[in-house]
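K.L.:
this is the structure alone, sequence omitted:
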């Protein structure tokens, strides 16, 4: 069941659709999007309007703009018209919508103002007070990590009780865990998903990167415990069966990342769950996966070898990767549509859908160069707080490179403080590697053949685990 139907007369109106969709998503209002022309497809418009259970309809059209009036003639539900700028700057569409005859009312908002259409729909539904301003923290955006941590504490007790059935290497809560198979082999397993980044993919109707995100989020966690990835499986849950083109994009993206790791896709599961998967429009989905790795007991990396004086190496990220999207979306989609071009030259959709970097080649290169890897942290959810998984030291981050511009844009548009930024986003560093000071030059030389890498700080003795970033006056413990 949805509360709002957005119907547009042409795919060329997508930028206005996204403006309305962004506000509805921010307010947590369920909606569907359809494209149908009143002039060319009147029967389809009629079937769409009469077949929806939406309580409010937003109709978007330009030029003669017959769509809102036609929709209003088919239903007694509120219809909000959005005129689109075209040949006469949208004035023709505005007048067309505003001049409806008696008995066929269309509430008309400003030209191209999809946001106001969504806000008006929310007021009609009595839901306008859900969010009054942009969230400034992950918790305000809807992800309360304290509550999440408390929940994990409850689950962790059951997980630990199960350890009696085999020899498990790590405690609950590391990036991945390992179970002993024999004296020479441990098997590691990691499970993760793409998170709410899939909502951006649905809104943009582009799925050619999220498969790589899914693989990367899992294999990157495996290398953090020193395991060599050997296989991957996926879990795809959809509201309705996806069209072939969408499945092809997802499959190709998963395969691309697995090829980069040199591992097979052993299979997976596809589930059609219309009552569970809501998402955005008919392409609503969730994507998760599991990766399996192997390690010998002497290859395990768990942070126990880290010593004061060790160096902190940072490997760049190419953007948001797959974390912090609940906050990023709710900040950026208030000001931009997915088709808007950002100051550095790409669209918002292109920026948000950059695929997560696969760091398996980096790990293998360091191993081949015989670098003494003492700890690896994949900077994902909780961001720089994740480094604390490596042990109770002081991790001093003193020389960060220039961050990708998307992070500063989020910070400025949302008025978010730097501590919140560094505990939500990777801020341009997707992987942290701890090595002895003597291995810094060799590490940077090795990594530079694959990516930008930097000596960003050092490990110091401490009575408790903490990360400090003096440049931004950030202290994380």
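P.N.:
Structure's in. What do you need? As the structure is a computational prediction, the values presented were derived from the model and not from experiment.
K.L.:
touching, residue 388 and residue 464? I think so.
P.N.:
No. The pair residue 388 / residue 464 is not scored as a contact, 9.4 Å apart, by C-beta atoms under 8 Å. To be clear about C-beta, it is placed using only N, CA and C from the backbone, and glycine gets the same treatment.
K.L.:
which neighbours do the two share?
P.N.:
residue 477 (C-beta atoms under 8 Å, 6 or more residues apart in numbering).
K.L.:
the two - which one has more neighbours?
P.N.:
Legend: neighbour count by other C-beta atoms under 10 Å for residue 388 and residue 464, higher for residue 388 (19 against 9).
K.L.:
tell me the contacts of the more buried one?
P.N.:
For residue 388, the contacting residues are 395, 465-467, 476-477, by C-beta under 8 Å, 6+ apart.
K.L.:
just the buried ones from the residues you listed, in PyMOL syntax?
P.N.:
The buried subset of the contacts of residue 388, as determined by 16 or more other C-beta atoms under 10 Å, is captured in PyMOL by this line:
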select buried, resi 395+465+466+467+476
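K.L.:
just the contacts of residue 388: which are in strands?
P.N.:
Among the contacts of residue 388, the residues falling in strands (DSSP state E) are 395, 466-467, 476.
K.L.:
out of these, who's nearest residue 17?
P.N.:
Nearest to residue 17 among the ones in strands among the contacts of residue 388: residue 476, at 39.4 Å, using C-beta to C-beta.
K.L.:
how much space between the residue lying closest to that closest one once chain neighbours are set aside and residue 241?
P.N.:
Computed as C-beta to C-beta, 6 or more residues apart in numbering, the closest residue to residue 476 that is not its neighbour in sequence is residue 467, at 4.2 Å. Noted for residue 467: a distance of 45 Å to residue 241, by C-beta to C-beta, to the nearest Å.
K.L.:
and the residue in the chain sticking out farthest from the centre, which of the three is it?
P.N.:
Largest separation from the mean C-alpha position in the chain: residue 102, at 46.3 Å (C-alpha atoms, centre = their mean). Following DSSP: H, G, I helix; E, B strand; the rest coil, the label given to residue 102 is coil.
K.L.:
can you give me the pLDDT of it?
P.N.:
At residue 102, the pLDDT value in this model is 86.
K.L.:
so what's it up against?
P.N.:
So residue 102 contacts nothing (C-beta under 8 Å, 6+ apart).
K.L.:
against residue 75, how distant is it?
P.N.:
Counting by C-beta to C-beta - residue 102 and residue 75 are separated by 17 Å.
K.L.:
repeat that for residue 319.
P.N.:
42 Å.
K.L.:
higher neighbour count, those two?
P.N.:
residue 319 (22 against 15).
K.L.:
quick check: that one touching residue 351?
P.N.:
Yes. Using C-beta under 8 Å, residue 319 is in contact with residue 351, at 6.2 Å.
K.L.:
hey, what's in contact with both of these two?
P.N.:
Common contacts of residue 319 and residue 351 (C-beta under 8 Å, 6+ apart): residue 406.
K.L.:
which positions in stretch 166-174 come out as buried?
P.N.:
168-170, 172, 174.
K.L.:
ok, now which ones touch the residue nearest to residue 197 when sequence neighbours are not counted?
P.N.:
Counting by C-beta to C-beta, 6+ apart, the nearest residue to residue 197 once its immediate chain neighbours are dropped is residue 325, at 4.8 Å. By C-beta under 8 Å, 6+ apart, the residues touching residue 325 are 195-197, 199-200, 352.
K.L.:
now residue 325: how far from residue 193?
P.N.:
Applying C-beta to C-beta to residue 325 and residue 193 gives a distance of 12 Å.
K.L.:
tell me which residue is most central in this protein.
P.N.:
residue 197 (2.8 Å).
K.L.:
just the helices in the stretch 1-150 of the chain please.
P.N.:
14-26, 42-51, 67-74, 91-98, 114-125, 138-141, 145-162 (DSSP state H, counting those that start in this stretch).
K.L.:
do the stretch 251-400 of the chain as well
P.N.:
Under DSSP H, counting those that start in this stretch, the stretch 251-400 of the chain gives helices at 325-332, 348-352, 360-368.
K.L.:
of those helices, which is nearest residue 417?
P.N.:
So among the helices of the stretch 251-400 of the chain, helix 325-332 is nearest, using C-beta to C-beta, at 12.4 Å.
K.L.:
next, the angle from that closest one to helix 14-26.
P.N.:
120 degrees (axes from the mean of the first three to the mean of the last three C-alpha atoms, to 10 degrees).
K.L.:
quick one: contacts for the closest residue to residue 396 other than its chain neighbours?
P.N.:
Nearest residue to residue 396 in three dimensions, chain neighbours excluded: residue 457, at 4.7 Å (C-beta to C-beta, 6+ apart). With contacts defined as C-beta under 8 Å, 6+ apart, residue 457 is in contact with 311-312, 395-399.
K.L.:
in strands only, show me those residues.
P.N.:
Going by DSSP E, the strands hold 311-312, 395-397 from the contacts of residue 457.
K.L.:
output these in a markdown table, with pLDDT appended to each entry.
P.N.:
Listed next are those as a markdown table, based on pLDDT from 0 to 100:
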| residue | pLDDT |
| --- | --- |
| 311 | 98 |
| 312 | 98 |
| 395 | 98 |
| 396 | 97 |
| 397 | 97 |
